[in-house]
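> pasting the sequence and the predicted coordinates here, then a few questions.
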Number of protein chains: 2
Amino acid sequence: MLDKFFRPKSVAVIGASTHPNKVGHVILWNFIRGFKGSVYPVNPSHDTVLGLKCYKTVKDIPEDVDLAVIAIPAEFVPSALKDCGKKGVKHVIIVSGGFSEIGRNDLEDEIEKIRKKYNIRVIGPNCIGVFDAYSQVDTLFMPRYRLERPRKGRISFVSQSGAVGSAILDWAAAKGFGFSKFISYGNACDVDEVDLLDYLEKDKTTGVIGMYIEGTRRGRELYNSLKRITKKKPVIVIKGGKTKAGSKAASSHTGALAGSARVWEAMLKQSGAIIADDIRRMFNYSRLLAEQPLPKGKRIGIVTNGGGFGVIASDALEKYGLELANLDKKTIDVIKKHVPEYAVVKNPVDLVGDADAHRYEIALDALLEDNNVDVILVLILFQTAGVQSEIIDIIASKSDQKKKPIIAFSAGGDFTQVHMRMLEKVGVPVFDSLEEAADAIKKMYLYSVSVGNAE
Amino acid sequence: MLDKFFRPKSVAVIGASTHPNKVGHVILWNFIRGFKGSVYPVNPSHDTVLGLKCYKTVKDIPEDVDLAVIAIPAEFVPSALKDCGKKGVKHVIIVSGGFSEIGRNDLEDEIEKIRKKYNIRVIGPNCIGVFDAYSQVDTLFMPRYRLERPRKGRISFVSQSGAVGSAILDWAAAKGFGFSKFISYGNACDVDEVDLLDYLEKDKTTGVIGMYIEGTRRGRELYNSLKRITKKKPVIVIKGGKTKAGSKAASSHTGALAGSARVWEAMLKQSGAIIADDIRRMFNYSRLLAEQPLPKGKRIGIVTNGGGFGVIASDALEKYGLELANLDKKTIDVIKKHVPEYAVVKNPVDLVGDADAHRYEIALDALLEDNNVDVILVLILFQTAGVQSEIIDIIASKSDQKKKPIIAFSAGGDFTQVHMRMLEKVGVPVFDSLEEAADAIKKMYLYSVSVGNAE
């Protein structure tokens, strides 16, 4: 039902503009750049925009239009929406603001009437709309130099706040995280978080769903959808406005009745959703669950080239209720045979400062074979010259076996950051905080337990 | 007494090498590049190294030598140290490994005898030594493309682990954090964490001390030093090996008796030290305490251009026991006069998505004047085109007044990251997690209370 929002064959951009600073210009440019279907600019003042023939109204477009994006001042939106109805467009994203969020409920009511009359599904108004990494539907009207677009991947993210959503997407893109879909639904005059969850439930390229939500008008349905979906796919939720101060702020922001923190927390927990305390943690959980197989248990094997980080990792894992695996004697023997005497072959396996990628490979292979190890945490310090970039390929090839979750940690400046992004891009989640790595592994483990994959 | 480690007039690099991969080469190169005093390579196999006349032994150097750095295989270290003694060198950093950490206590005992005989102070062995951002003493032997060096600043950091230290320094440099001194003291055959703390207590360019420690041989002295120093300067400690698993790992790492977690925690708390759970948090606290004035209370004023982040910030602040300031009526009136009607002038002050730097300036000025506001948290989303780079100058100029702590938050990709680094470099601590910002503000507030500056 909502599929045309993400996989339309043809798109009209209403409000397409020749002025580079205009929202309608940026959106048209996005479509021309990435989208494979037909794109039609609509604007009565132009004959052509960005080299494309421009139409006076959507009704003048000679072909069928699957999706229209409306980016014009609020007062003109009802009339444009009516044109869409007459043209037979069934899916419309209204990015324009100036509706109920500033007290113009009258305008929003008008939209509601028109969309019902013509049986149109609407995302918005007052939103930044949709980004689909696969189809390159992209209504985000922030310039690409400010808001980078992420690579293809398995995380989809639904945000009630456009600003939160855009910052997250930009940040995630720079980090190398992979996305399927992003949706900012704004005032939700029609399509809301429940509709979107239900759609993403069946979306094949969505492996994990993330969500920023301040309030809902459909608590019961939201609960039911979450309850059903979390059995198939992890859903990770950041609830904005869960304290008194936050809930006050939320009511001036989205006007959402943020509701009692306790009620929300109880609801989310019972529904099987994973609650994230902040945005980074939401992505920590998402990345692990999207990219790695579920663990069979909570016994962690650590490999490192810096003893101190082995210590910090051990502390963090224990703090989060995880266990350091008791390595099998065979594992220890195999590793010992191939590493220098001064390496410390226990758990953490300390390959010491002069370790190269080869030494890592031996340790990783051994831990993958060891039935006492459920999850592998590999710490890599790129400050020492021994570790060459080939370590990326080695870790990727182990991770690609999908036998056990492999999670990486590193910390450092530009040289390190480049390698962290490379790891992320080949599907190995990499952390710069061992505390956060432990927290994420714990959440992954708990999800694995909840779906009957681990004890 | 330890001053010559950080401000020598002349330095000998024993083990200076013509081979770019050798430790002694990297160290010599570091000194030539940044250090303003005399530099003497020592190596019996070379006549010149990196264009400098090379001496057979340290004794052959015609002038006095304040500091010698020894970077040769362990077995040759005692003899080189003896030469230092004969030459009258009183400060020696031994970066070489291969001593007690691999069971060669005999070699370390020999060093101890020699250094006592000649009255030499030794840092190391088995360490990466010293980096001083002011004097450019730099014995870190990791290549600069892998380990970036931080700018001058007020944070000093003492690390028992070389790997932890080097990763931290590299990471901090890339983030734009400012340092005074970094010391990795390794096996601590002579100079240990207590000596270094006592030195940093009086060091004028050190405003905040950070510390990574797994164990100590001088618990009582450490406590006394901390107790005394924390009254003057904040000391932030990461204790490695505070869980059972971590403490086991620590004993194979530094051989340190990590000691009971409870005893350590009680000792650190009673001493007035700030305990950090991980490295990032240590820097969060350090940056705030190094760069910003202490707050007079815990009432926070928030300025944002994205409502959702105002909500998340409010949640985070309340979670950490901080308060949203009740803005003075005058503050609200002043801001309202200068911003569009659709801006939400409460706390958080939501300047909304089209805010420019000017709008931020008005809000910041008003909050600086408002006696109900103790700390200003300014959230900036660079994804929208309204915010130009001039906002950096504006925030910096408010921060430079040192009237109240100003802390920034932003989140995003490369464009945002560049601006975050700029803010950091002009002394405005900037976070990419509101949770962490709230945590750090709380710690700053508690320190302010502990020194009688806030209630």
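Received the coordinates, thanks. Residues are numbered from 1 along each chain as shown, chains lettered A, B, ... in the order given.
> would you mark the buried spots in stretch A:227-246?
A:229-230, A:233-243, A:245-246 (16 or more other CB atoms under 10 Å in any protein chain shown). Any C-beta I mention is one placed from the backbone N, CA and C, and that applies to glycine too.
> mind listing what residue A:13 touches?
The contact partners of residue A:13, taken as CB atoms under 8 Å, 6 or more residues apart in numbering or on different chains, are A:24, A:27, A:28, A:31, A:39, A:40, A:41, A:42, A:68, A:69, A:71.
> tell me the phi and psi of the last one?
Summarising the backbone geometry of residue A:71 under the convention degrees, to the nearest 10, its torsions are phi -140, psi 70.
> over to the third one?
Its backbone dihedrals place residue A:28 at phi -60, psi -40, with angles given as degrees, to the nearest 10.
> check what pLDDT it gets.
We have a pLDDT of 96 for residue A:28.
> count the residues that sit near it.
29 (other CB atoms under 10 Å in any protein chain shown).
> go on, the first one?
Residue A:24 has 25 neighbours, counted by other CB under 10 Å.
> for the helix or strand containing it, list the C-alpha coordinates in PDB.
Per DSSP states H and E: residue A:24 is located in helix A:23-34. The C-alpha atoms that make up helix A:23-34 are tabulated as PDB, following Å, rounded to 0.1, in the frame of the first residue of the first chain:
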ATOM      1  CA  VAL A  23      13.700  23.400  -1.400                       C
ATOM      2  CA  GLY A  24      12.000  22.400  -4.700                       C
ATOM      3  CA  HIS A  25      15.300  22.800  -6.500                       C
ATOM      4  CA  VAL A  26      17.300  20.600  -4.100                       C
ATOM      5  CA  ILE A  27      14.600  17.900  -4.200                       C
ATOM      6  CA  LEU A  28      14.400  17.900  -8.000                       C
ATOM      7  CA  TRP A  29      18.200  17.700  -8.200                       C
ATOM      8  CA  ASN A  30      18.200  14.700  -5.800                       C
ATOM      9  CA  PHE A  31      15.800  12.800  -8.100                       C
ATOM     10  CA  ILE A  32      17.700  13.700 -11.300                       C
ATOM     11  CA  ARG A  33      20.900  12.600  -9.700                       C
ATOM     12  CA  GLY A  34      20.000   9.200  -8.300                       C
END
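> chain center to the next helix or strand after that helix, what's the gap?
Helices and strands here follow DSSP H and E; after helix A:23-34, the next one along the chain is strand A:38-42. In this view, strand A:38-42 has its centroid 28 Å away from the chain centroid, taken as CA atoms, centre = their mean, to the nearest Å.
> what packs against strand A:38-42?
When contacts are defined as 3 or more CB pairs under 8 Å, 6 or more residues apart in numbering or on different chains; DSSP states H and E, strand A:38-42 packs onto strand A:10-14, helix A:23-34, strand A:52-53.
> any buried residues in stretch A:152-160, and which?
Per 16+ other CB under 10 Å, stretch A:152-160 contains these buried residues: A:153, A:154, A:155, A:156, A:157, A:158, A:159, A:160.
> do that stretch and chain B meet?
Yes. Stretch A:152-160 lies within reach of chain B by CB under 8 Å from any CB of the partner chain, at A:159, A:160.
> what residues are up against the closest residue to residue A:61 other than its chain neighbours?
Nearest residue to residue A:61 in three dimensions, chain neighbours excluded: residue A:40, at 4.8 Å (CB to CB, 6 or more residues apart in numbering or on different chains). Shown in contact with residue A:40 (CB under 8 Å, 6+ apart): A:10, A:11, A:12, A:13, A:52, A:53, A:55, A:58, A:61, A:65.
> bridging residues for residue A:40?
residue A:12 (DSSP bridges).
> before we move on, back to that, can you put the buried residues of stretch A:152-160 in CSV and add pLDDT?
Shown next, in CSV, are these (pLDDT from 0 to 100):
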residue, pLDDT
A:153, 95
A:154, 95
A:155, 96
A:156, 97
A:157, 97
A:158, 97
A:159, 96
A:160, 94
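> what element comes up after the single longest strand found in chain A heading to the C-terminus?
In chain A, with assignment by DSSP state E, the single longest strand is strand A:151-159. Next along the chain after strand A:151-159, taking DSSP H and E as the criterion, comes helix A:162-175.
> helices or strands next to that following helix in the packing?
strand A:151-159, strand A:178-184, strand A:208-213, helix A:279-291, helix B:307-319, helix B:414-425.
> gap between residue A:409 and residue A:377?
7 Å (CB to CB, to the nearest Å).
> so which residues of the stretch 301-450 of chain A form helices?
A:307-319, A:329-338, A:357-369, A:390-400, A:414-425, A:434-450 (DSSP state H, counting those that start in this stretch).
> show me what the fifth one packs onto, helices and strands only.
For helix A:414-425, the packing partners by 3+ CB pairs under 8 Å, 6+ apart come out as helix A:390-400, strand A:430-431, helix B:162-175.
> buried stuff in it?
Result for helix A:414-425 [16+ other CB under 10 Å]: buried residues A:415, A:416, A:417, A:419, A:420, A:421, A:422, A:423, A:424, A:425.
> since we're on the closest residue to the first one other than its chain neighbours, how many residues are nearby?
Read that as residue A:415. Leaving aside its sequence neighbours, residue A:415 sits nearest to residue B:146 (CB to CB, 6+ apart; 4.8 Å). A count of neighbours around residue B:146, defined by other CB under 10 Å, yields 19.
> now swap in residue A:223 and tell me
Neighbours of residue A:223 (other CB under 10 Å): 17.
> right, and it touches residue A:269 too?
No. Using CB atoms under 8 Å as the test, residue A:223 is too far from residue A:269 to be in contact (10.9 Å).
> and the gap between residue A:413 and residue B:179?
Residue A:413 is 13 Å from residue B:179, by CB to CB.
> of the two, who's got more company?
Per other CB under 10 Å, whichever of residue A:413 and residue B:179 has more neighbours is residue B:179, with 27 against 24.
> quick one, what contacts that one?
B:131, B:133, B:150, B:151, B:152, B:153, B:155, B:156, B:157, B:169, B:172.
> picking that back up, and the residue nearest to residue A:415, backbone torsions?
According to degrees, to the nearest 10, residue B:146 has phi -100, psi -30.
> pretty sure it contacts residue B:170?
Yes. At 7.2 Å, residue B:146 and residue B:170 qualify as touching, with contact defined as CB under 8 Å.
> any common contacting residues for these two?
A:383, A:412, A:415, A:416.
> switch those over to TSV; also include pLDDT and distance to residue A:340.
Output for the shared contacts of residue B:146 and residue B:170, formatted as TSV (pLDDT from 0 to 100; distance: CB to CB, whole Å):
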residue	pLDDT	distance to residue A:340
A:383	92	19
A:412	93	24
A:415	94	25
A:416	95	24
